[in-house]
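*Asks:* Sharing a model that was predicted from the sequence below.
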Amino acid sequence: MYTLKETAMKNDVTAHRQASQAPARLSKGDFVTVLRKLLQEEEKAGKTSVDVRAATLHTDVGVYPARGHSMPTCCTVMYEEMKPGDEILLTPPGGKGPTLLVRYKFPR
């Protein structure tokens, strides 16, 4: 049985360990949901297009930059959500990275 002080110390160590662990991997669905919502909002606002940078989208969905980030998944979703007429404005080396910039055009 632990004393109150030992329990508090144990909890502090546990909390610190959890906080320093890599965040949970974000799913493809997480990025799809946020990107589609952004596109719907911008289209409703009457815009003709919106430029989306991968680093910004990833930050909107979850912590970035961070160890264990999901940038490849983020970029895959950005490519897959493109429709005819959309443009890739900037492609990072290797095709997937925070500088990926896509112009999505409206109507979709």
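*Replies:* Okay, I see it.

*Asks:* end to end, how far does stretch 82-100 reach?
*Replies:* 13 Å (Cα to Cα, to the nearest Å).

*Asks:* Which positions in that stretch come out as buried?
*Replies:* 86, 96-98, 100 (16 or more other Cβ atoms under 10 Å). C-beta here means a position set from N, CA and C on the backbone, and glycine is covered the same way.

*Asks:* try stretch 43-62
*Replies:* In stretch 43-62, counting by 16+ other Cβ under 10 Å, buried: 43, 50, 52-55, 57-58, 61-62.

*Asks:* any idea which residue sits dead centre in the chain?
*Replies:* Computing the C-alpha centroid of the chain and ranking residues by Cα atoms, centre = their mean puts His58 first, at 2.0 Å.

*Asks:* For that one, list the residues it contacts.
*Replies:* Listed by Cβ atoms under 8 Å, 6 or more residues apart in numbering, the contact set of His58 reads 26, 31, 64, 69-71, 74, 98.

*Asks:* rerun that using 6 Å as the cut-off
*Replies:* The contact partners of His58, by Cβ atoms under 6 Å, 6 or more residues apart in numbering, come to 64, 71, 74.

*Asks:* hang on, the earlier thing: out of the buried residues of stretch 43-62, which one sits closest to Leu35?
*Replies:* When the buried residues of stretch 43-62 are ranked by distance to Leu35 (Cβ to Cβ), Leu57 comes first, at 6.1 Å.

*Asks:* on contacts alone, who are the packing partners of whichever helix or strand Lys37 is part of?
*Replies:* Assigning secondary structure by DSSP states H and E places Lys37 in helix 28-44. If you count contacts as 3 or more Cβ pairs under 6 Å, 6 or more residues apart in numbering; DSSP states H and E, helix 28-44 packs onto helix 54-61, helix 71-80.

*Asks:* Helix or strand with the lowest mean pLDDT in this structure?
*Replies:* Lowest by mean pLDDT, DSSP states H and E among the helices and strands of the chain is helix 4-20, with a mean of 44.

*Asks:* in what helix or strand does Val52 lie?
*Replies:* Judged by DSSP H and E, Val52 forms part of strand 49-53.

*Asks:* List every C-alpha atom in that strand, with coordinates, as CSV.
*Replies:* What follows is strand 49-53, C-alpha atoms only, in CSV (Å, rounded to 0.1, in the frame of the first residue of the first chain):
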residue,chain,number,x,y,z
SER,A,49,-11.4,28.4,-54.8
VAL,A,50,-9.4,27.8,-51.7
ASP,A,51,-5.7,27.0,-51.3
VAL,A,52,-4.9,24.3,-48.7
ARG,A,53,-1.4,23.6,-47.4
